[in-house]
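Visitor: pasting the sequence and the predicted model now:
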Amino acid sequence: MNLDNLPILSMLIWLPILGGIWTLIIGDQQERVVKHFSFIISISTFLLSVLLYYQFDNDFLGMQFVEEFYWIESFSIKYHLGVDGIALPLIILTTFTTILVIVAAWEVIDKNISYYMCSFLVLTGLMNGVFVALDSILFYVFWEAMLIPMFLIIGIWGGPNRVYATIKFFLYTFFGSVFMLVALLYLYSVTGSFNIQLSQEAPLGLTAQKLIFIAFFLAFAVKIPMWPVHTWLPDAHVEAPTGGSVILAAIMLKMGGYGFLRFSLPIAPDASLYFANTMILLSLIAIVYIGFVALVQEDMKKLIAYSSISHMGFVTLGFFIPFGIIAATNSNAGAVMGMEGAMMQMISHGFISAALFLCVGVMYDRLHSRMIKDYGGVVNSMPYFAAFMMLFAMANSGLPGTSGFVGEFLVILSSFKLNFWIAFTAALTLILGAAYTLWMYKRVIFGEAIREEVSELKDIDAREGFILFLLAGVILLFGVWPAPLFDVMHVTIQQLIDHISQTKIL
Amino acid sequence: MRTDLIFLIPEITLLLMACLVLIVDAFSKDPLHKMTYRMAQLSLVLTLSAVIYYSPDYSYIAFNGGFITDTMSTLLKSFICAITIVVFFYSYEYLKENELLKGEYFVLGLFAVLGMMVMTSAYHLLSIYLGLELLSLSLYAMVAMQRRSTFATEAAIKYFVLGALASGMLLYGISMIYGLTGSLQFNDIVDTINAGDIDRAYLVYGMIFLIVGISFKLGAAPFHMWVPDVYQGAPTSVTLFISSAPKLAAFAMAVRVLVDGLLPLIEDWQSILSLLAILSMAVGNIIAIAQTNIKRMLAYSTIAHIGYLFLGLIAGTASGFAGSMFYIISYALMSLGTFGMIILLGRYDLEADRLDDFKGLSIRNSWFAFIMLFLMFSMAGVPPFLGFWSKWFVLKELIASGFVELAVIAVIFSIIGVYYYLRIVKLMYFDEPETMSAIKASQQMRAVLTVNGLLILLIGLAPDSLMHICLSAFSGL
C-alpha cells in the first residue's frame, strides 16, 4: 500500500466523526461493543497522527499534506487542509488525549454510553479539523461546530450545576467567535479570498489591523482563556465530567493559542506590536493574580482550572514577548525562543492538566467528592496512585526534568531579554505554582486518614494505571528530551517570527 | 396577448384547480376529506410543474407591464409550491388528529398560494396589492377556522384589524407614489424618478408608507404586534403555514417594490431598513427569552429573523438580495421542521406548545430529539447547519457593502438569540421528562419530518447549490 498519497488529514477529521455516528447506530444496548469500537477508532486515529508525524518533513517551509478543492464554488470557499509545525504537535496531542478519555470513561459512565462516546469522537474529528483547516470559513465551521458536542458533554454528564455551567460556556465562547466571523468576512472583503495564508500576506492599514486584532482577541482570549474573560472556565471544569475537563484543559484551551499563532499575529502583526504591552500585562496578571486565586480553592478541579489559566498566561506571554525583543534588539534569535517556549508550554500543559484532571477523576469515582477537605491520608490506601500524582504535581509546579519546566524556563529566559521585571514577575509562578499544587497534594495525599472511607479506598486498577503510566511517560520524556518537539516546530516558528517582524502597513 | 397568457399558465392552473377542489369538496361526504386533500396536493404539484416547465430564460414583462416572469419569480414560486405541499402534509395530520378537518382549509390554502404567486410576479403596484389581499383574506379565514377556540377568534380579529390597517397604509403609499410619478408600473416609476423632476422628500414620504405596509406583512418591529398573538392563537397548522410560504411572498414584494420600483431611492430605504432591522433583531431576540409558550417564542424568533433578512436588502447589491433570498428560504425550511415537531408531539386535546412539553425528549424519543437539536442549532446560526450559512451570507454581503457596524450589531443580537434556542436543547437533553407517553404519529409524518431535519444538516454541509440558485435569481441586476 502506498502511504504517501493517503489523504491523512481528511481521515483524521472524518474517521472519528463517522466512527462516532456509528457508535450511535450501535446503540446503548450493546455497551461492550460501543466501548471496544470507540477504543479502536481512537487508537486508529492516533496511529494516523503518528503516521503523519513520520511522514512530516521537519525542514519543509510551508504547509504539508495539502488537500484542496472547492467546497462552495459560488464564493470560492475551499475544503483546504494542510499542516505545519504548529499544528502537528497539537494534532498528536488531540488524538492521544482522545484515547485517554475513551479509556477513562470505560467503567465510569453508566448513562447513555453510546452518546458519550459519539460526542467525544465527533469532538476529536472537529478539533483536528480546526488545526488543519487553511480556509477561514472551514476553520470557523469546525471551531463553532465543536461547541455542540462539548455543550452536550457538560450538560448531560456533568455535576449538579451543569446547566448553568454549560450555557455559560457556550455563550461565552460563541460571543467571542462571532466577532471573529465579522473579522474574517471583513478580511474577505479586502483580500477577496478566504484563504488564511493569503490573508496573512495581504497588506492592511493600522486601524483595520487594530480592529481585526480586537475581534480575534475576543475569540481567542475567551478560549485560551485570558484574564479577565476567564470566568467560564472554572465553572465548566468543575461541572464537566472527567473526560470533558480533560478535553477542555488539554485541547480546547490550546485552540485559543493556536488561533493567536494562525490568525492574530500573522494577519495583524502591526496591531500585535501595538497591543503587545497590554497583552503582556494581561498575561502577567493571569500568571500572578490567578495563581493566588488558585491557592485558596477548596475544590480540586477548580484549583487545577485556575492553575490552567495561570499557565496559559505563560503561553500568551511567550507569544507577545517577541515583539518587544525584535523592536529592542533588531534580531530574531531571542524571539524564536519565547515563541517556542510558549508552544512547548501548550503541549506540556495539555499532558499535565489532563493527568491532574484524571487523578481527580480517579478519586471522585471512589468518594464522589472533589473537595480537598474530604480527603487526607490517601497515600495509606492508594500508594501507587499517590506516586503518580506526585509526579504530576511536580510537573505542574515546573520541576526540572518534567515537561512543565521546559516551556516556562524558555519563556522566562526570553523575557529577560526584554525586561528584567517582566521576567521576575513571571518567575513568581515557580513559587506560586509549587505552593498551590504541592499544598493541595499535601492536604489530599499525606497526613492521617481522617475519614474512614479514605482508608478503605482501593488503589488504581490496571485501566487507570495504564492511562496514568502513559501520561507519566510522556511528561518525563519531554522533560528530559524535548528535542523532537522543537525539531518539528522550529522551521515554522522561525518563519512566523520573520513574518511578524515585517510591517504589513503599506 | 397569447404569449402573455403562456406566462400565466401556472396561475391559471392553480385557479382552475382551486375552484375544482372547492366544488369537489362541496359534494364529498367523506369526514376525512381524503379526496379534497389529495386534489389539493395534486393542484400544487401541477402548478409546480407548470412553473418549472414554463420557466423563462430571460425576464418577460406581460400585460402592459403589470406582470413579470423572471428567474426570481420562478424560483420563489417553485419554493412556495413545494413548501406548501409539505405544509398541507403536516396540516392534514394535525387537523385529522384534532378533529378540525374541513375542506375549506385546503381551498383557502390554494387561494393563498395563488395570492403569493401574483405577489411574486407583480410588476405593478396594483397587482402587488391584489396578490397581497388575496393572500391576507385567505389567511384571516384560516386563522379563524377553529371556531370554538376563543384564542383563535381573538387572534383572527387582531390579525384582520391590523392587517386591514397595514393594507390601508400600503394603499396610501401607493396613492402618493402614483400622484407623484403618474404611474403604478415599476419601469415608469423608475424612469420618472430618474428624470429628476420630483422632489425627493415627497417620494420618500410615499415610500415610507409602502415600507410600513411591507414591514407589517413581514412582521418586522415595530410593526410586529400581531405576530405573537396570531402565532400562538391560530391552530398550529395555520401558524406553520403563515410562518413559511407567505414570508417568501412578502420577501418578493419587498424586492419588487424597493429594488424594481424604487431603486433610485436606495440610500433612503437603506437607512429606514437599517432601523427596522436593528429594532426587529432587538425586540425579537430579547423578548423571546421571556416566553414559555414555544409558538409564541417562535413568533418572536421570526421577528428577529426578519431583521436579519433585511440585512441582505440593506447591502443593496445583487448578491445581497440573493443572500436575503437564501435567508428566507432557509428560514422557511427550519420553520417547517420546528412546527412539524410541535405537531408531532401534540396529541388530541393537548397541544404540545409549552416549552415544558419538550422536557426529556431525548429519553422519550431520541431520534426526534436529535432532529429538534439540528433545528434549534440551525435557527441559532451554529455551523454546520443551514441557519449558519443564511446568517453568514447576509453578513458577508453587508460587510462587503461597508456596513461593518451594522454587522457587529447583528452578531451581538445573535448571541442573545442563541440563549433561547439552547434552552430548548437543554430541556430536551438535560431535563427529565414530565410524561413518558410514547409519540403517536403516522409513519409518513415521521418520514417527512426526518427528511426535513436531515435537509437542514445536508444543505448545511453542501450549501453551494442553493446559494448558486439564489445568486442566479439576481444575476441580471
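Guide: Okay, I see it.
Visitor: hmm, who's touching stretch A:377-391?
Guide: Under the contact criterion Cβ atoms under 8 Å, 6 or more residues apart in numbering or on different chains, stretch A:377-391 has outside partners A:355-356, A:359, A:362-363, A:402, A:441, A:444-450, A:454-460, A:464-465, A:468-469, A:472, A:475-476. Yep, even glycine has a C-beta here, placed from its N, CA and C like the rest.
Visitor: what of stretch B:142-149?
Guide: B:100, B:102, B:104-105, B:108-109, B:112, B:152-153, B:155-156, B:159, B:230, B:233-235, B:238, B:241-242.
Visitor: how far is it from where the chain is centred?
Guide: 21 Å (Cα atoms, centre = their mean, to the nearest Å).
Visitor: which elements pack onto the helix or strand hosting residue A:40?
Guide: Residue A:40 is part of helix A:31-55, with elements assigned from DSSP states H and E. If you count contacts as 3 or more Cβ pairs under 8 Å, 6 or more residues apart in numbering or on different chains; DSSP states H and E, helix A:31-55 packs onto helix A:8-26, helix A:87-105, helix A:113-132.
Visitor: run the angle between the next helix or strand along the chain from it and helix A:87-105 for me.
Guide: Note on helix A:31-55: by DSSP H and E, the next helix or strand toward the C-terminus is strand A:64-72. With axes from the mean of the first three to the mean of the last three Cα atoms, to 10 degrees defining the directions, strand A:64-72 sits at 80 degrees from helix A:87-105.
Visitor: next secondary structure after strand A:64-72?
Guide: As assigned by DSSP H and E, the chain's next helix or strand after strand A:64-72 is strand A:77-83.
Visitor: can I get that following strand in CSV, CA atoms only?
Guide: Provided in CSV are the C-alpha atoms of strand A:77-83 (Å, rounded to 0.1, in the frame of the first residue of the first chain):
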residue,chain,number,x,y,z
ILE,A,77,-14.7,28.7,-0.3
LYS,A,78,-12.4,25.7,-0.3
TYR,A,79,-12.0,22.5,1.5
HIS,A,80,-8.4,23.3,2.1
LEU,A,81,-6.3,21.4,4.6
GLY,A,82,-2.7,21.4,5.5
VAL,A,83,-0.4,21.0,8.4
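Visitor: buried residues in it, which are they?
Guide: With burial defined by 16 or more other Cβ atoms under 10 Å in any protein chain shown, the residues of strand A:77-83 counted as buried are A:77, A:78, A:80, A:81, A:82, A:83.
Visitor: was I right about the third one contacting residue A:132?
Guide: Spelled out, it's residue A:80. No: judged on Cβ atoms under 8 Å, residue A:80 makes no contact with residue A:132 at a distance of 9.3 Å.
Visitor: ok, the residue located most distally from the centre of chain A to residue B:129 distance?
Guide: Largest separation from the mean C-alpha position in chain A: residue A:452, at 37.6 Å (Cα atoms, centre = their mean). Counting by Cβ to Cβ, to the nearest Å, the separation of residue A:452 from residue B:129 is 84 Å.
Visitor: cool, and residue A:182?
Guide: Distance, residue A:182 to residue B:129, using Cβ to Cβ: 39 Å.
Visitor: same question for residue A:49.
Guide: Taking Cβ to Cβ, one finds residue A:49 at 64 Å from residue B:129.
Visitor: between those two, which is the more surrounded one?
Guide: Per other Cβ atoms under 10 Å in any protein chain shown, whichever of residue A:49 and residue B:129 has more neighbours is residue A:49, with 24 against 20.
Visitor: skipping its backbone neighbours, what lies nearest that one in space?
Guide: Spatial nearest neighbour of residue A:49, chain neighbours left out: residue A:95 (4.3 Å); criterion: Cβ to Cβ, 6 or more residues apart in numbering or on different chains.
Visitor: check what pLDDT that neighbour gets.
Guide: On pLDDT, residue A:95 comes in at 93.
Visitor: my read: it touches residue A:127, true?
Guide: No: shown here, residue A:95 and residue A:127 do not form a contact pair, counting by Cβ under 8 Å, at 9.3 Å.
Visitor: which of these two has more residues huddled nearby?
Guide: Counted by other Cβ under 10 Å, residue A:95 and residue A:127 do not tie: residue A:127 has more neighbours, with 30 against 24.
Visitor: quick check: that one touching residue A:94?
Guide: Yes: counting by Cβ under 8 Å, residue A:94 is a contact partner of residue A:127 at 5.1 Å.
Visitor: which residue packs closest to the closest residue to chain A within the stretch 151-300 of chain B, ignoring adjacent ones?
Guide: Nearest residue of the stretch 151-300 of chain B to chain A: residue B:289, at 12.1 Å (Cβ to the nearest Cβ). Counting by Cβ to Cβ, 6+ apart, the nearest residue to residue B:289 once its immediate chain neighbours are dropped is residue B:420, at 5.2 Å.
Visitor: what do you get for residue B:132?
Guide: Spatially, and ignoring its direct neighbours in sequence, residue B:132 is nearest to residue B:119 (5.8 Å; Cβ to Cβ, 6+ apart).
Visitor: pretty sure the one you found sits in a helix.
Guide: Yes: read with DSSP: H, G, I helix; E, B strand; the rest coil, residue B:119 is one of the residues of a helix.
Visitor: residues in chain B within reach of chain A, list them.
Guide: B:377, B:382-384, B:388, B:392, B:395-396, B:399-400, B:404, B:407-408, B:411-412, B:414-415, B:418-419, B:422, B:425-426, B:429-430, B:462-464, B:467-468, B:471 (Cβ under 8 Å from any Cβ of the partner chain).
Visitor: what ranges of the stretch 101-250 of chain A fall below the confidence cut-off?
Guide: By pLDDT under 70, the stretch 101-250 of chain A has no low-scoring segment.
Visitor: residues from it in reach of chain B?
Guide: Checking the stretch 101-250 of chain A against chain B by Cβ under 8 Å from any Cβ, the hits are A:137, A:140-141, A:144-145, A:147-148, A:151-152, A:155-156, A:162-163, A:166-167, A:170-171, A:174-175, A:178-179, A:181-182, A:185-186, A:188-189.
Visitor: ok, 7 Å please
Guide: Within the stretch 101-250 of chain A, the positions lying close to chain B (Cβ under 7 Å from any Cβ of the partner chain) are A:140-141, A:144-145, A:147-148, A:152, A:155-156, A:162-163, A:167, A:170-171, A:174-175, A:178-179, A:181-182, A:185-186, A:188-189.
Visitor: ok so, going back, number of nearby residues for the residue of the stretch 151-300 of chain B closest to chain A?
Guide: Number of residues near residue B:289 (other Cβ under 10 Å) recorded here: 13.
Visitor: nearest residue to residue B:332 in space, please, no chain neighbours.
Guide: Excluding its sequence neighbours, the residue lying closest to residue B:332 (Cβ to Cβ, 6+ apart) is residue B:244, at 4.4 Å.
Visitor: burial count for the one you found?
Guide: The tally of other residues near residue B:244 (other Cβ under 10 Å) stands at 24.
Visitor: residues contacting it?
Guide: Residues near residue B:244 by Cβ atoms under 7 Å, 6 or more residues apart in numbering or on different chains: B:83, B:87, B:332, B:335, B:336.
Visitor: angles on the backbone of the first one, please.
Guide: Which is residue B:83. Note on residue B:83: its backbone torsions stand at phi -60, psi -40 [degrees, to the nearest 10].
Visitor: I'd guessed it sits against residue B:243; true?
Guide: No: Residue B:83 is beyond contact range of residue B:243, at 10.4 Å (criterion: Cβ atoms under 7 Å).
Visitor: look up how far chain A lies from residue B:357.
Guide: Plainly put, residue B:357 is 18 Å away from chain A if you go by Cβ to the nearest Cβ, to the nearest Å.
Visitor: what's the spacing between the residue nearest to that residue when sequence neighbours are not counted and chain A?
Guide: Nearest-residue entry for residue B:357: residue B:345, 5.9 Å, with adjacent residues in sequence omitted and distances by Cβ to Cβ, 6+ apart. Distance of residue B:345 to chain A, computed by Cβ to the nearest Cβ: 21 Å.
Visitor: same question for stretch B:315-332, mean pLDDT?
Guide: Stretch B:315-332 carries an average pLDDT of 92.
Visitor: about what we covered before: give the contact list for the residue farthest from the centre of chain A.
Guide: Contacts of residue A:452 (Cβ under 7 Å, 6+ apart): none.
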